[in-house]
Structure formats: structure tokens, C-alpha cells
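# Next comes the sequence, and after it the predicted model I'd like to discuss.
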Amino acid sequence: MINQLAALDISEAAFLGLVVATIQFATLLYLAALGEAIAERSGVLNLGVEGMMAVGAVCGYIGAVSTGSPWLGLLIGALAGAVAAGVHAVVAVGLGADQVVSGLALTILGLGLANFIGDGYTDDPRRSQFTDADIPLLSDIPWVGETVFSTTPVTYLAVVLGVGTWFVMNRTALGLGVRAVGESASTADAAGHSVVATRAGAVMVGGAFAGLSGAYLTTTGIVGAWSEGLIAGRGWIAVALVIFGAWRAGRVATGAVLFGFTLALQTRLQPFGVDFSPILLSMLPYILTVIVLIVISIRARHQPSPAPAGLGIAYRREER
């Protein structure tokens with residue numbers, strides 16, 4: 001891909017580079033947001049996405065450089081994210097603690113734990129990264145093929161996971177159970193669904209997706225290494241994406257591309273001859289996040305919210 005860009009003039013190369021970066025950041029955000037959407041569809045709000053991504057990033061990097069396989073690094077990162085989410089599942093689902101407090105605590109715990117685990121790997125020169133995978137024939141299409149169909153395998157995996165999530169949530173009994181628990185836990189319990197098991201499973205699957213997202217950062221060319229502060233607030237953008245996408249996998253994907261574009265702009269406007277403050281550019285994704293939340297809040301006053309009815313509400317069977 002780099003050699004292809006080098007052969008182009010600067011303006012065309014800059015444009016293609018912007019598209020490639022947008023896809024990379026969209027993949028990162030989509031994986032985390034998709035996992036959070038699964039957890040929230042079950043009625044559990046998990047604000048620990050930032051912490052789970054950090055744990056997944058450091059464990060994924062260590063796993064990749066230790067084994068020499070970015071795929072194993074990705075798997076280890078996903079498992080680490082699931083384990084971290086298990087803490088939230090125990091506290092918020094099992095014990096019925098406040099989900100907001102538990103999620104925020106998980107963010108703080110995850111960030112601190114990731115910095116502790118990765119202390120000896122901050123300046124590690126080792127790399128074990130994914131290389132671009134070309135889809136035969138499609139990758140030969142001008143412009144589109146060079147960007148969309150010539151990217152890391154993780155992007156293709158994200159698409160598969162998105163389609164799979166949509167299918168499971170909308171076309172299977174398992175997905176129906178998850179959505180039923182999120183809408184009315186007492187009714188789902190009366191129908192024979194285990195609220196605790198369903199919610200805990202959804203939270204841990206969401207954690208695995210967040211860990212996968214974090215590991216994607218450290219096993220691809222976006223960063224490719226571990227350092228403190230690596231996640232840089234992207235977990236919070238993922239949480240906002242779920243609201244932006246109305247808890248639907250397809251709409252979340254659209255939002256991921258939009259927010260991925262704003263992240264890609266941070267370092268890629270200068271080749272176009274645009275003189276813009278890099279400080280303001282770095283603020284753009286978070287300004288957009290605030291704007292989206294304000295717009296959605298205003299719309300919620302005039303029409304029913306698409307959020308699961310039981311979101312954030314702890315379920316205690318004895319109070320049914």
C-alpha cells in the first residue's frame with residue numbers, strides 16, 4: 001500500500017492516505033462500540049470501555065511480541081478485555097451495584113492496570129504487526145481497491161463481526177433473549193431467561209470486543225507499540241457512538257466512519273495545504289461527540305428514545 005501511494009502525486013497520495021486512516025480509525029471505534037452496544041442491549045451500561053481497551057492494548061502487544069503472532073496478540077487482547085469486563089459483570093450484574101459507578105471504576109482500574117503491566121514495554125522496539133491483505137480482483141479497482149479492499153485483516157474481521165452481531169441479535173433466539181432482558185428483565189425472567197447469566201455474558205462479550213479494539217491499536221500500523229495514554233479518550237467516543245447509532249450495528253458502523261474521519265484529519269490536513277491549528281484538530285472528535293449527544297438529547301424530548309427500557313437498571317429477582 002505504501003509503495004502504491006509513493007508512486008502518486010502528493011495531493012492524490014494525501015487523499016488516499018486520509019481514506020486509509022479513516023478506515024483504520026473506524027475499525028478501532030467500531031469494534032469497541034459494537035461490544036458496548038451488545039452490553040447495553042442487555043440492559044447493562046458499561047462506562048469502562050476506555051479501561052478495557054487499555055488492558056486489551058497492552059496484553060495484545062505483549063502477546064504479539066512474545067509469540068511473534070499478531071493473531072495470538074489479538075486473541076489475548078480480547079480475552080483480557082473479557083476478563084476486565086467480568087469485574088463489571090460481578091459488581092454491577094451479580095451484586096446489583098450502580099452501573100455508572102462500577103463502569104467508571106473499571107475505567108480507572110483498567111488504565112492503571114494497563115500502565116502497571118506495560119511498564120517494562122513502553123520503549124520496547126519489538127514489533128509483531130498485521131500486514132495489509134488484498135482481496136483478489138477487488139483490490140485492483142482504482143482508488144476503492146487500494147483503500148477499502150487492501151487493508152488489515154482486522155478490518156475485514158470487524159465487518160464479519162458486525163454482520164454476525166446483527167444476525168444474532170435480530171434473527172436468533174439468543175439475540176431475542178438478550179433484547180428481552182434489556183427491555184424488561186422481570187418479564188424475561190418469568191419467561192425462563194436467566195437475567196444474570198444473559199447480562200453477564202453480554203457484558204463479557206462486549207469486553208472482548210473492546211479488548212480486541214485495544215489490541216488492534218498495538219498490532220497494526222496505527223501505533224504498533226505500547227505506551228501510556230495510548231487510548232486517548234477513544235473509549236468514550238465509542239460509548240457515544242452507541243447512542244449515535246441507536247443501538248443498531250449498521251448505524252454504529254456509519255457513525256464509526258464519521259468519527260474515524262475526524263480522528264484521521266488530526267494529522268492529515270497539512271498535505272492538502274490547509275493551515276489549521278493541530279490543537280483544535282485534536283479537539284474535533286470530542287467536540288463532535290458533545291454535539292451529537294446534545295442533538296440526541298433534544299430529539300429525545302419529542303420522540304421515544306430507542307434505548308433499551310431497562311438500560312442501567314439493576315435487576316433483583318426478589319423485587320420482581
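Looks like it arrived, so ask away.

# name the helices or strands packed onto the helix or strand where Gly164 lies?
According to DSSP states H and E, Gly164 maps onto helix 153-171. Secondary-structure packing of helix 153-171 (3 or more C-beta pairs under 8 Å, 6 or more residues apart in numbering; DSSP states H and E): helix 10-41, helix 173-183, helix 249-265. Heads up, the C-betas are built off the backbone N, CA and C, glycines and all.

# Pull out the buried residues from it.
By 16 or more other C-beta atoms under 10 Å, the buried positions in helix 153-171 come out as 154-155, 157-158, 161-162, 165-166, 168-169.

# pLDDT (mean, whole number) over stretch 171-185?
For stretch 171-185, mean pLDDT rounds to 95.

# which residues touch it?
38, 40-43, 167-169, 187-188, 191, 193, 195, 198-199, 202, 308-311, 313, 315 (C-beta atoms under 8 Å, 6 or more residues apart in numbering).

# I'd guessed Met169 sits against Ser42; true?
No: with contact defined as C-beta atoms under 8 Å, Met169 does not reach Ser42; the gap is 10.2 Å.

# Mind jotting down where the helices sit in the stretch 1-150 of the chain?
Using DSSP state H, counting those that start in this stretch, the helices of the stretch 1-150 of the chain run over 2-6, 10-41, 49-67, 70-88, 99-117, 144-147.

# quick one: low-confidence parts of the stretch 101-250 of the chain?
Applying pLDDT under 70 to the stretch 101-250 of the chain picks out residues 138.

# Please name the residues that touch Glu50.
Per C-beta under 8 Å, 6+ apart, neighbours of Glu50: 107, 110-111, 231, 233-236.

# Most neighbours among these, which one is it?
Greatest neighbour count in the contacts of Glu50, by other C-beta atoms under 10 Å, goes to Gly110: 33 neighbours.

# Mind giving me the ChimeraX command for buried ones among the contacts of stretch 171-185?
Selection of buried members from the contacts of stretch 171-185 for ChimeraX, criterion 16+ other C-beta under 10 Å:
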select :38,40,41,42,43,168,169,188,193,195,198,199,202,308,310,311,315
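
# And the residue nearest to Gly73 when sequence neighbours are not counted, how far from Trp226?
Using C-beta to C-beta, 6 or more residues apart in numbering and skipping the chain neighbours, the partner closest in space to Gly73 is Ala64 (2.7 Å). Counting by C-beta to C-beta, to the nearest Å, the gap from Ala64 to Trp226 is 10 Å.

# Find the residues that touch each one of the two.
Thr218.

# can I get the helices of the stretch 1-150 of the chain in JSON lines with distance to Ala208?
Listed next are the helices of the stretch 1-150 of the chain as JSON lines, based on distance: least, C-beta to C-beta, whole Å:
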{"stretch": "helix 2-6", "distance to Ala208": "31"}
{"stretch": "helix 10-41", "distance to Ala208": "7"}
{"stretch": "helix 49-67", "distance to Ala208": "8"}
{"stretch": "helix 70-88", "distance to Ala208": "4"}
{"stretch": "helix 99-117", "distance to Ala208": "14"}
{"stretch": "helix 144-147", "distance to Ala208": "28"}
